[in-house]
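> quick one: sequence plus predicted model below, questions after.
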Amino acid sequence: MAEKIPTFTTKKCYECFTHLPLDAEVCPSCKKKVGKVNKIGVAEKPTDWKGYVICLLIWIGLGIFIWKGFF
Ligand SMILES: [Zn+2]
């Protein structure tokens, strides 16, 4: 039995559930960046690598600060 792969002509914004074209990168309603459509027809939340790296650097900086403060 072959699994039926759903095809979508639109995707829904993960934030406000507005219907968007499949190639949309930004939701015009809530201005959030949207990724590719997933298997339930909702746009995936794109990974914010820049924000992730900045967060990591802040934690490393904080760790060094605490380490220098105690030793
Ligand atoms: Zn939206």
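On my side now, so go ahead. Numbers count the residues shown, from 1 in each chain.
> can we go C-alpha only for contacts and neighbour counts from here?
Fine.
> so is stretch 34-42 next to the ion?
No - applying Cα under 5 Å from the ion, one finds stretch 34-42 separated from the ion by no less than 8.1 Å.
> and for stretch 20-33?
Yes - using Cα under 5 Å from the ion, stretch 20-33 reaches the ion at 27, 29-30.
> just the buried members of those?
Cys27 (16 or more other Cα atoms under 10 Å).
> just curious, which of the residues of stretch 20-33 next to the ion is nearest to Thr47?
Closest to Thr47 out of the residues of stretch 20-33 next to the ion is Cys27 (15.6 Å), distances taken as Cα to Cα.
> residues in contact with that closest one?
In this structure, Cys27 makes contact with 13, 18, 20, 33-34, judged by Cα atoms under 8 Å, 6 or more residues apart in numbering.
> before we move on, the earlier item: okay if I get the residues of stretch 20-33 next to the ion as CSV plus pLDDT and secondary structure?
CSV is the format used below for these (pLDDT from 0 to 100; DSSP: H, G, I helix; E, B strand; the rest coil):
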residue, pLDDT, secondary structure
Cys27, 97, coil
Ser29, 95, coil
Cys30, 96, coil
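> picking up where we left off before, for the contacts of Cys27, work out which two are farthest apart.
Thr18 and Lys33 (12.8 Å).
> mind checking which of those two has more residues around it?
A side-by-side neighbour count of Thr18 and Lys33, using other Cα atoms under 10 Å, places Lys33 first with 19 against 15.
> who are the contact partners of the more buried one?
Lys33 neighbours (Cα under 8 Å, 6+ apart): 25-27, 45-46.
> got JSON lines for these, with secondary structure too?
Below are the contacts of Lys33 laid out as JSON lines (DSSP: H, G, I helix; E, B strand; the rest coil):
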{"residue": "Glu25", "secondary structure": "coil"}
{"residue": "Val26", "secondary structure": "strand"}
{"residue": "Cys27", "secondary structure": "coil"}
{"residue": "Lys45", "secondary structure": "coil"}
{"residue": "Pro46", "secondary structure": "coil"}
